[in-house]
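Engineer: Just need the structure, nothing else, for what follows:
(4 chains)
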Number of protein chains: 4
Amino acid sequence: MNTFGREFRITSFGESHGPCLGVVIDGCPAGLKLKKEEIQKELDKRKPGASGIASPRKEKDRVEILSGVFEGFTTGAPICLLVWNKDVDSSSYKRIKDLLRPSHADFTNLIKYGGFNDYRGGGRASGRLTVSFVLAGAVAKELLKRLKIRIFAHIVELGGIRAGKKGINSIRRNVYKNPIRCADLKAAEKMRRAIIRARKEGDSLGGIIEGLVLNLPVGLGEPVFDNLDGQISKALFAIPGVKGVEFGAGFSAAKMRGSENNDLFFLKRGRVFTKTNNAGGVLGGISNSMPLVVRVSVKPTPSISRHQLTLNVRKMRMENLKISGRHDACIAPRAVPIIEAMLAITICDFALRAQLLPRVIRHR
Amino acid sequence: MNTFGREFRITSFGESHGPCLGVVIDGCPAGLKLKKEEIQKELDKRKPGASGIASPRKEKDRVEILSGVFEGFTTGAPICLLVWNKDVDSSSYKRIKDLLRPSHADFTNLIKYGGFNDYRGGGRASGRLTVSFVLAGAVAKELLKRLKIRIFAHIVELGGIRAGKKGINSIRRNVYKNPIRCADLKAAEKMRRAIIRARKEGDSLGGIIEGLVLNLPVGLGEPVFDNLDGQISKALFAIPGVKGVEFGAGFSAAKMRGSENNDLFFLKRGRVFTKTNNAGGVLGGISNSMPLVVRVSVKPTPSISRHQLTLNVRKMRMENLKISGRHDACIAPRAVPIIEAMLAITICDFALRAQLLPRVIRHR
Amino acid sequence: MNTFGREFRITSFGESHGPCLGVVIDGCPAGLKLKKEEIQKELDKRKPGASGIASPRKEKDRVEILSGVFEGFTTGAPICLLVWNKDVDSSSYKRIKDLLRPSHADFTNLIKYGGFNDYRGGGRASGRLTVSFVLAGAVAKELLKRLKIRIFAHIVELGGIRAGKKGINSIRRNVYKNPIRCADLKAAEKMRRAIIRARKEGDSLGGIIEGLVLNLPVGLGEPVFDNLDGQISKALFAIPGVKGVEFGAGFSAAKMRGSENNDLFFLKRGRVFTKTNNAGGVLGGISNSMPLVVRVSVKPTPSISRHQLTLNVRKMRMENLKISGRHDACIAPRAVPIIEAMLAITICDFALRAQLLPRVIRHR
Amino acid sequence: MNTFGREFRITSFGESHGPCLGVVIDGCPAGLKLKKEEIQKELDKRKPGASGIASPRKEKDRVEILSGVFEGFTTGAPICLLVWNKDVDSSSYKRIKDLLRPSHADFTNLIKYGGFNDYRGGGRASGRLTVSFVLAGAVAKELLKRLKIRIFAHIVELGGIRAGKKGINSIRRNVYKNPIRCADLKAAEKMRRAIIRARKEGDSLGGIIEGLVLNLPVGLGEPVFDNLDGQISKALFAIPGVKGVEFGAGFSAAKMRGSENNDLFFLKRGRVFTKTNNAGGVLGGISNSMPLVVRVSVKPTPSISRHQLTLNVRKMRMENLKISGRHDACIAPRAVPIIEAMLAITICDFALRAQLLPRVIRHR
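Structural biologist: Purely as a prediction, here's the structure:
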């Protein structure tokens, strides 16, 4: 369903071409200073619009706080955040209403909802619904600041081009300075060109994003089913276009020997660390003392402007489809802030479950 | 926590060296014929014991039905299934109690549970807890038979050795005939030798397992958060040792162009299919008409018999650890039936949510 | 928290003096014809305003549909319904901000939320939050029409005045014709006068409401914890001012003998009924073939205009409080449509769980 | 379903005449000292057997701890507690298998589960399933001791005979000293005789139980739906035979005026109390500083030995039923410890949600 989390629980609503996108956050502690501007800042990160590479849909996307905040602080009541849809153009969708767009959710939604789904712009299956994730993520990030937990995400591969390995400072400094959301600025430029080239060819590209969580306390995550990795992966698969999730060494761990893959413990200033981090910060479903490292595979945008032969479900015959809507030729860069949001939401939930965040934030 | 699912809900309990492992299944429809023998058959699939490659721990593992079944049929009441632990030898664990075994959950559990966790044999973090998954999976499989849904899993890579691509018949025929659970018998033999070699060297190997679900009805999975891929990935990360989950083209989708990755729809005998299956059977979080294809990365067994330098948490100093318990040098083959079980459990839940399974099974 | 239900799940948000009150309904089947006017009609039932007996707060209360409905039908996506607060006057609340209003939730909310709660008009603890219940109830009622399930509620006692026993036709005809929501029009007139008298004396009255559900299919409700009576009682205690809930003979069953209280089964036109209905339509937590009968005790409005000595929590000393806001001298009549709403919501959830309502409503 | 609670979550399983009754407790903090003897003591409270008034079924009812406890302390893993059924005699049930016992759940279970339910002894609808509640309640009580929260229950009315009002010391001293579980020993003797008389007449009696919780911290309970009263009422309606639940003044509040019913706040040694407790300790769904007072109506035992005319569902005709099994002529006294258990379980859950109980109990 459309609710996620136990102690920090979000409920998403809204469609791509409906009146709005919104989220209700239940379980946010009382007493958190919450400024509209902080939420807006996060929202601005997912904006489309860098010329040439992203969708020309120009949503102003201004957040409104409908409940749960009083005199600048959260009250403990559910927080409803909303963004009105403004720059909606459904014309191109009506034209191709009966044509199944390949690798889109048109067909599955048609069958599941008996044809009653709002198909315009992908409706509820649109990437635009991630607006609600970012809204909730912005609140989660404010909470996590109190635990000094820091969350990052960045492009590590795009269109087959790999970024060079970069340190955390470089990631923090560079990611939101370039439209590719890549810390390696040289690689970013190559990726940008690859996107423009693909777009010109009526095609699209995929990419891989890495998410990082620093200063995560030891002990987050609940075995067996609500473990840290399982719950994060569930959160990440909610992002349209995600096809794989791995932690630490991930799929390459399968090729390693135990003696290589094992992360050896050591003591430093009275605290326990591991020499390597093949575990990606999770052991037995619980955070250890190392950074959480997760990688996400994002498929190439299915909306391409090339002709594609597909099924007209009304006429039940094959027809040529040409998608002319407003689309990103690669959605991976725009998924970067969404991954940050999902990580923040999930960790916030676990921090409350583990009682690391209080139910009322007391200010001095 | 230890509960998973909404309409078909399982609660796992028990520890590796405690009295038993068990599961309570809530929400199983009434009227399902449930024989102990069918459950036992599934349980036998996860047995250790093929000489040379698996743990010498010899659990007889006989299932007992404690509730929810009456005169051979499920009653609609919660079903409690139990396996008593018999061949328990905790001696080797007591000796290394204070030594953090690298890449095990010793450290994270110690911190999370304040030292109160049952450390013997990994306690609740042990692979042995998958007994409870297999018990629930056996019931789920019986239910799915009614929908003709078929579930398979097999090793596609082990110790870096890839299996050749095999058809479904070969998978069905071969997987449980060899201890490696690989459909390519030649590759299986190479893998077996690799395991024996690694074991001799005091080392261990990882592997990749593919799960397949055939005849899945269109429309399973619930956007946004309870989507088919997200929920399955959460279920799979509950299996100890899993470090990555991908669907269809997965991580390689990130390297493809839209024109390559897009699965084109076509019509065959009035039904809709796609030419390729890069989506792995899931679009927008909902099953389409194609087989569900998921791949899981399993890390090499962290318990290796080589000397490892690690921390003694009581003395707070580094010491040499030599693990001498009973361990599989590669856990991937034994994870094969577990993956089947988790797929069955998750799909059963979705089939009930979608009302494809009735609440009472009426027999003619 | 602010979410209720499993298959038909509502999430309430908004405060008495905040921008709006709203609800997100998740799990509503696709294909339900949903007109704004039908929802508005339900909303109008809870309107204040019959002269002399109700709060002079004059909310226009127009519903807006923010998501989940497309071209007049539900889509299967979450439905967000909203009512903007318009006639808000917080002035009187600021004046008495630090004075604990007796038998209000001021004190408990103050402690629970560390003083961050929106105290204006009772904030989230206000009766006004029942707007969100009525919105969700309106949708539930539309669904239940398909099962021919009919839901009623009416005042059976107010200020100690008992209504005469009335049949279902009289209830249907009369309840919304008089401001007391009582089917016995003579008693209603007495009750109305009693309210006016109490109000003049600066006092308030309580009452008892009976809820009825007809044509309920046998088998709704899930033992053990999600039983029909338990879940309904939980729903009803969410209504501010409710202090007791009983089914069928309820508290008087405690005074009966088994031979009196037992409802004897009999057969009529091939269907099973009981001669009496002391069970109130629920046996073992499951609906039997009889009407569901539930009675709810509503306390007298705690806001009375008499002087009351109470604590000033800032000055920590006793002070005289005179409440001058806009209040109903008896809230029971206005709780009548709320009880209908809660019954509809709960039963809708159970009907979906029992697969009596489909996931997609197919129209001929 | 069969699970209750969020942070302290219990899952009940087992049938009256099946192999056992059990419970899985998930979310119990680690580090709680848990002795079998303490659980057994609670279990002994619900034992039948006081001569003349209770069922002659003589279950030894010895608890077994199957998981979650290691070296005498809880581990944080799920705790499975079990009682084997021993003195099972199903013979009398087979004889009346097709006869609907009036006011029993035979009919509703038959319809709901399509005839697959275990009908013997009422199966899952039997009062015997409260064994699982008592097991979980025993653990909850151990936790609540750390907060000095004290829970009591006692009979206040039985067969129309009212007990005199007694103080907490008298309740603590007397309730488990007499088979009626009534603090007023004189009334208890009258009630005992009334039960014996009813039994001789082939009849049964009902009663009212009062539950009390002392030292409850302010702030427990979560508006709107998980409020303290709503959740407690849901827990109490899970007990077979309960037909009504009221808090504080309850149904009599409906007859009071606001000026009578309002509980006036006052200050005593720096803490806030109310002069009266018509609220029963709950305001706005949240515990205030006063004792929680809840009353529960228990219907007369439906199993009476008098002849009753009822339906034979196989032959579809009316027949005479004579119930000869082993039954209590009044179940109210035996429900007393169950009410204590349900209160403990619910409050424990809320104490964890409010972070008043830690996730790991540290011992000095």
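Engineer: For the rest of this, base every contact and every neighbour count on C-alpha atoms.
Structural biologist: OK.
Engineer: mind checking how far stretch A:177-185 is from the chain centre?
Structural biologist: From the chain centre to the centre of stretch A:177-185 is a distance of 17 Å (CA atoms, centre = their mean, to the nearest Å).
Engineer: For it, buried residues please.
Structural biologist: With burial defined by 16 or more other CA atoms under 10 Å in any protein chain shown, the residues of stretch A:177-185 counted as buried are A:178, A:179, A:180, A:181, A:182, A:183, A:184, A:185.
Engineer: can you redo these as TSV with pLDDT and secondary structure?
Structural biologist: Putting the buried residues of stretch A:177-185 into TSV (pLDDT from 0 to 100; DSSP: H, G, I helix; E, B strand; the rest coil) gives the following:
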residue	pLDDT	secondary structure
A:178	94	coil
A:179	94	coil
A:180	96	coil
A:181	97	coil
A:182	97	coil
A:183	98	coil
A:184	98	coil
A:185	97	helix
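Engineer: got a list of what residue A:42 touches?
Structural biologist: Shown in contact with residue A:42 (CA atoms under 8 Å, 6 or more residues apart in numbering or on different chains): A:134, A:135, A:138, A:337.
Engineer: The buried residues of stretch A:177-185: which two are farthest apart?
Structural biologist: Pairwise distances across those (CA to CA) peak at 12.1 Å, for the pair A:179 and A:184.
Engineer: that older thread, just curious, which of the buried residues of stretch A:177-185 is nearest to residue A:213?
Structural biologist: Using CA to CA, the shortest approach to residue A:213 within the buried residues of stretch A:177-185 belongs to residue A:183, at 16.0 Å.
Engineer: I figured the closest one hits residue A:162, correct?
Structural biologist: No - applying CA atoms under 8 Å as the test, residue A:183 and residue A:162 come out as separate, 11.2 Å apart.
Engineer: picking up where we left off before, quick check, nearest of the contacts of residue A:42 to residue C:197?
Structural biologist: Set against residue C:197, the nearest of the contacts of residue A:42 by CA to CA is residue A:135 (50.7 Å).
Engineer: which SS state does the closest one fall under?
Structural biologist: Taken by DSSP: H, G, I helix; E, B strand; the rest coil, the conformation at residue A:135 corresponds to helix.
Engineer: which residues in chain A form helices?
Structural biologist: Using DSSP state H, the helices found in chain A span residues A:36-45, A:91-95, A:106-112, A:130-145, A:168-174, A:185-200, A:228-237, A:258-261, A:332-353.
Engineer: And the pLDDT at residue A:121?
Structural biologist: Residue A:121 is assigned a predicted lDDT (pLDDT) of 88.
Engineer: circling back to that earlier point, for the buried residues of stretch A:177-185, give me TSV that also has distance to residue D:22.
Structural biologist: Output for the buried residues of stretch A:177-185, formatted as TSV (distance: CA to CA, whole Å):
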residue	distance to residue D:22
A:178	59
A:179	58
A:180	56
A:181	54
A:182	55
A:183	55
A:184	58
A:185	61
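Engineer: Now for residue A:137: which residues touch it?
Structural biologist: Residues near residue A:137 by CA under 8 Å, 6+ apart: A:340, A:341, A:342, A:343, A:344, A:345.
Engineer: For chain A, which element, helix or strand, carries the lowest mean pLDDT?
Structural biologist: Lowest on mean pLDDT, DSSP states H and E among the helices and strands of chain A sits helix A:91-95, with a mean of 76.
Engineer: Pull out the buried residues from that one.
Structural biologist: residue A:93.
Engineer: and residue A:328, how many neighbours?
Structural biologist: 26 (other CA atoms under 10 Å in any protein chain shown).
Engineer: hang on, residue A:194 packs against residue A:159?
Structural biologist: Yes - using CA under 8 Å, residue A:194 is in contact with residue A:159, at 6.9 Å.
Engineer: Have a look at the two and say which one is more surrounded.
Structural biologist: Taking neighbours as other CA under 10 Å, residue A:194 and residue A:159 compare with residue A:159 leading, 25 against 21.
Engineer: ok, the more buried one to chain C distance?
Structural biologist: Counting by CA to the nearest CA, to the nearest Å, the gap from residue A:159 to chain C is 33 Å.
Engineer: I'd say that residue and residue A:198 touch.
Structural biologist: No - distance between residue A:159 and residue A:198: 9.2 Å, which falls outside the contact criterion (CA under 8 Å).
Engineer: Quickly list what's touching both of these two.
Structural biologist: What both residue A:159 and residue A:198 touch, as defined by CA under 8 Å, 6+ apart, is the set residue A:205.
Engineer: Quick check: phi and psi on residue A:87?
Structural biologist: Dihedral angles of residue A:87 (phi, psi; degrees, to the nearest 10) stand at phi -90, psi 60.
Engineer: and it, how many neighbours does it have?
Structural biologist: Each residue near residue A:87 was counted by other CA under 10 Å, and the total is 12.
Engineer: Low-confidence bits of the stretch 1-150 of chain A, can you list those?
Structural biologist: Low-confidence segments of the stretch 1-150 of chain A, defined by pLDDT under 70: A:49-59.
Engineer: Closest one of the contacts of residue A:137 to residue D:125?
Structural biologist: Nearest member of those to residue D:125, counting by CA to CA, is residue A:345, at 40.6 Å.
Engineer: how near is the closest one to chain B?
Structural biologist: 13 Å.
Engineer: Next, count neighbours for that residue.
Structural biologist: Residues contacting residue A:345 under the criterion other CA under 10 Å number 29.
Engineer: ok, now residue A:174?
Structural biologist: Per other CA under 10 Å, the neighbour tally for residue A:174 reads 16.
Engineer: What spatial separation is found between the residue nearest to it when sequence neighbours are not counted and chain B?
Structural biologist: Leaving aside its chain neighbours, residue A:174 sits nearest to residue A:183 (5.0 Å; criterion: CA to CA, 6 or more residues apart in numbering or on different chains). Between residue A:183 and chain B the distance is 18 Å, computed by CA to the nearest CA.
Engineer: Pick out the residue nearest the middle of chain A.
Structural biologist: Closest to where the C-alpha atoms of chain A average out (CA atoms, centre = their mean) is residue A:338, at 2.5 Å.
Engineer: what about stretch A:150-159, near chain B?
Structural biologist: Yes - for stretch A:150-159 and chain B, the contact criterion (CA under 8 Å from any CA of the partner chain) is met by A:157, A:158, A:159.
Engineer: Adding pLDDT and distance to chain D, write the residues you listed out as a markdown table.
Structural biologist: Supplementary listing: the residues of stretch A:150-159 next to chain B in a markdown table, determined by pLDDT from 0 to 100; distance: CA to the nearest CA, whole Å:
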| residue | pLDDT | distance to chain D |
| --- | --- | --- |
| A:157 | 98 | 40 |
| A:158 | 98 | 42 |
| A:159 | 98 | 44 |
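Engineer: CSV for the residues you listed, including distance to residue C:266?
Structural biologist: As requested, those are exported to CSV (distance: CA to CA, whole Å):
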residue, distance to residue C:266
A:157, 73
A:158, 73
A:159, 74
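Engineer: how about the closest residue to residue A:82 other than its chain neighbours, what does it touch?
Structural biologist: Closest residue to residue A:82 apart from its sequence neighbours, by CA to CA, 6+ apart: residue A:22 at 4.3 Å. Contact analysis of residue A:22 by CA under 8 Å, 6+ apart lists A:12, A:13, A:14, A:80, A:81, A:82, A:83, A:131, A:132, A:135.
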